[in-house]
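> Just need the structure, nothing else, for what follows:
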Amino acid sequence: MSKRDYYEVLGVSRTATSVEIKKAYRKLAMKYHPDRNSGEDGEQAEIRFKEVKLAYEVLSDDQKRAAYDQFGHAGVEGAAGMGGGAGGSFSDIFGDVFGDIFGGGGGRGGHRHQRGADMGYNLELSLEDAVKGTTVKIRIPAQVTCDACGGSGAKKGTSPKPCTTCGGSGQVRMQQGFFIAQQTCPTCHGRGVQIDDPCPACHGQGRIQKHKTLSVKVPAGVDSGDRIRLAGEGEAGENGGPAGDLYVQIHVKPHPIFERDDANLYCEVPIPFTTAALGGELEVPTLEGKVKLKVPAGTQTGKLFRIRGKGIKPVRGGLVGDLLCKVVVETPINLNDEQKELLEKLESSLQGGGRKHSPNASSWLDGVKSFFKEMGF
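Have a look, this model is predicted:
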């Protein structure tokens, strides 16, 4: 069964703000949570609950939402948190929905490793590389795990100790009237550990700023706006948490000859007016070499010729596109006296044929005369 649109699942528009998305999620999550439904209705409610939670996981994350908006469900398949564990527990809902009220992680408790931030990189490619595919080396600045301490933040030979305030959970209980809430520990700031002797290389952070060189394999057929995800190549996580991802955004540079339109290529081909009148054969460039283009006699400027299979094979599959050649008839310039005399003789000869030689001009002149007559000029 095909998946429903995530915006439809939450009942919000595609331009909804993060606040509107969270508000819709709160309402639906509480409505369909299995703990609040039982029997046959409970089974359906559990299905809806999982669907709502899955939609929220995507639309509440800027990176996942951007991928979903561009590629639909295919753009977020296999993303973190999108497998069979979407059912969740009531404590998950309490943490997601009410955690911000009490300023903490809300009910999940325990010391959690924090995932590193995702990063972006703009990669410029020539049209040829985008069409054929290539491998590019890029150098990026990023927070990486400190080699000296292995990410612990403690000086070599020592180790972090459990926080004496929270006992290593990273959270403390706070009572507010009848409510007991959990807050991030003010001593260790949620890390669950204290470092008495910080690592001199990273100053106890477990991460350092460093440049790293990566090899990016660009598949054939990519276009501007496409993104390549390099899993785990973003910033290093905190407290030994997993690294984020790197998203390489493709930008194809303008080409001096071709313009791209999806799978098709387009170019303009200037031809002498003699070739346009008499017909002939031209050599036309493609990304794979030269091909012959036959121009029939009497070809007018603007005529479009299609050369099958000389376009682009899309990165997501499909037929190879075509090359579209627009003929532009070029008027000769810098004529000498002999050439001018020959053209004048040709013009005199053509005028004798009238409509036979210039059907478009004759039709246009007839239209102009009719217009003047109607206007009384």
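> So, low pLDDT: which residues of the stretch 201-350 of the chain?
Counting by pLDDT under 70, the stretch 201-350 of the chain contains low-confidence ranges at 239-240.
> mind listing the strands in it by residue range?
Using DSSP state E, counting those that start in this stretch, the strands of the stretch 201-350 of the chain run over 207-218, 227-230, 246-252, 259-261, 264-272, 280-286, 289-295, 304-307, 323-330.
> Give me the helices and strands touching the top helix by length along the chain, please.
In the chain, ranked by residue count with DSSP state H as the criterion, the top helix is helix 39-59. Applying 3 or more C-beta pairs under 8 Å, 6 or more residues apart in numbering; DSSP states H and E, we find helix 39-59 packed against helix 6-10, helix 18-32, helix 62-71. Bear in mind the C-beta positions are built from the backbone N, C-alpha and C, glycine included.
> By mean pLDDT, show me the worst of those helices.
In terms of mean pLDDT, the lowest-scoring of the helices and strands packed on helix 39-59 is helix 62-71 (a mean of 82).
> Give the buried residues for stretch 145-161.
145, 146, 148, 149, 151, 152, 153, 154, 155, 160 (16 or more other C-beta atoms under 10 Å).
> again, but for stretch 301-317
By neighbour count on 16+ other C-beta under 10 Å, the buried set for stretch 301-317 is 303, 305, 307, 310, 311, 312, 313, 314, 315.
> could you dump that stretch to CSV, C-alpha only?
Only the C-alpha atoms of stretch 301-317 are listed here, as CSV (Å, rounded to 0.1, in the frame of the first residue of the first chain):
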residue,chain,number,x,y,z
THR,A,301,15.3,30.6,-39.2
GLY,A,302,13.9,29.2,-36.0
LYS,A,303,13.3,25.7,-37.5
LEU,A,304,13.9,23.0,-34.8
PHE,A,305,15.6,19.8,-35.6
ARG,A,306,15.6,16.8,-33.2
ILE,A,307,18.5,14.4,-33.0
ARG,A,308,17.3,11.3,-31.2
GLY,A,309,19.2,9.8,-28.3
LYS,A,310,21.9,12.5,-28.1
GLY,A,311,20.6,14.1,-24.9
ILE,A,312,21.1,12.9,-21.3
LYS,A,313,20.2,9.8,-19.4
PRO,A,314,18.5,11.0,-16.1
VAL,A,315,20.2,10.0,-12.8
ARG,A,316,17.0,8.3,-11.6
GLY,A,317,16.5,6.2,-14.7
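> what's in contact with it?
131, 219-223, 226, 260, 262-265, 276, 284, 286-288, 291, 293, 295, 319-329 (C-beta atoms under 8 Å, 6 or more residues apart in numbering).
> From residue 31, how far off is residue 59?
18 Å (C-beta to C-beta, to the nearest Å).
> for residue 285, that is, sorry about that
62 Å.
> With residue 12 instead?
Distance of residue 12 to residue 31, given as C-beta to C-beta: 15 Å.
> picking up where we left off before, what about burial for the contacts of stretch 301-317, which qualify?
Using 16+ other C-beta under 10 Å, the buried ones in these are 131, 221-223, 226, 260, 263-265, 276, 284, 286-287, 293, 295, 321-325, 327, 329.
> what's the burial count for residue 213?
Close neighbours of residue 213, defined as other C-beta atoms under 10 Å, add up to 8.
> residues contacting the nearest residue in space to it that is not next to it in sequence?
Spatial nearest neighbour of residue 213, excluding adjacent residues (C-beta to C-beta, 6 or more residues apart in numbering): residue 139 at 5.0 Å. By C-beta under 8 Å, 6+ apart, the contact list for residue 139 reads 211, 212, 213, 214.
> looking at it, the third one is touching residue 142, isn't it?
Spelled out, that is residue 213. No: counting by C-beta atoms under 8 Å, residue 213 sits too far from residue 142 to count as a contact (11.1 Å).
> that older thread, distance between the longest helix of the chain and the chain's centre?
Its chain's C-alpha centre and that of helix 39-59 lie 28 Å apart, by C-alpha atoms, centre = their mean, to the nearest Å.
> Equivalent analysis for stretch 228-237, please.
With C-alpha atoms, centre = their mean, you get 16 Å for stretch 228-237.
> And stretch 331-348, by the same measure?
So, by C-alpha atoms, centre = their mean, the centroid of stretch 331-348 is 55 Å from its chain's centroid.
> What is the neighbour count of residue 15?
7.
> actually residue 300, not the one I typed
9.
> Surely it and residue 329 touch.
Yes: assessed by C-beta under 8 Å, residue 300 is found in contact with residue 329 at 7.1 Å.
> Could you measure from residue 11 over to residue 75?
22 Å.
> Tell me which of these two has more neighbours.
residue 75 (17 against 14).
> On the three-state scheme, that one is what?
helix (DSSP: H, G, I helix; E, B strand; the rest coil).
> For it, which non-adjacent residue is closest in space?
Closest residue to residue 75 in three dimensions, ignoring its sequence neighbours and counting by C-beta to C-beta, 6+ apart: residue 67, at 3.8 Å.
> what about the one you found, distance to residue 197?
Residue 67 is 43 Å from residue 197, by C-beta to C-beta.
> Between those two, which has more neighbouring residues?
Each of residue 67 and residue 197 has its neighbours counted (other C-beta under 10 Å); residue 67 has more, 20 against 14.
> Mind listing what's buried along stretch 157-176?
160, 163, 166, 168, 169, 170, 171, 172.
> What segments of the stretch 51-200 of the chain are strands?
Going by DSSP E, counting those that start in this stretch, the stretch 51-200 of the chain shows strands at 119-125, 134-145, 161-162, 171-176, 179-184, 193-194.
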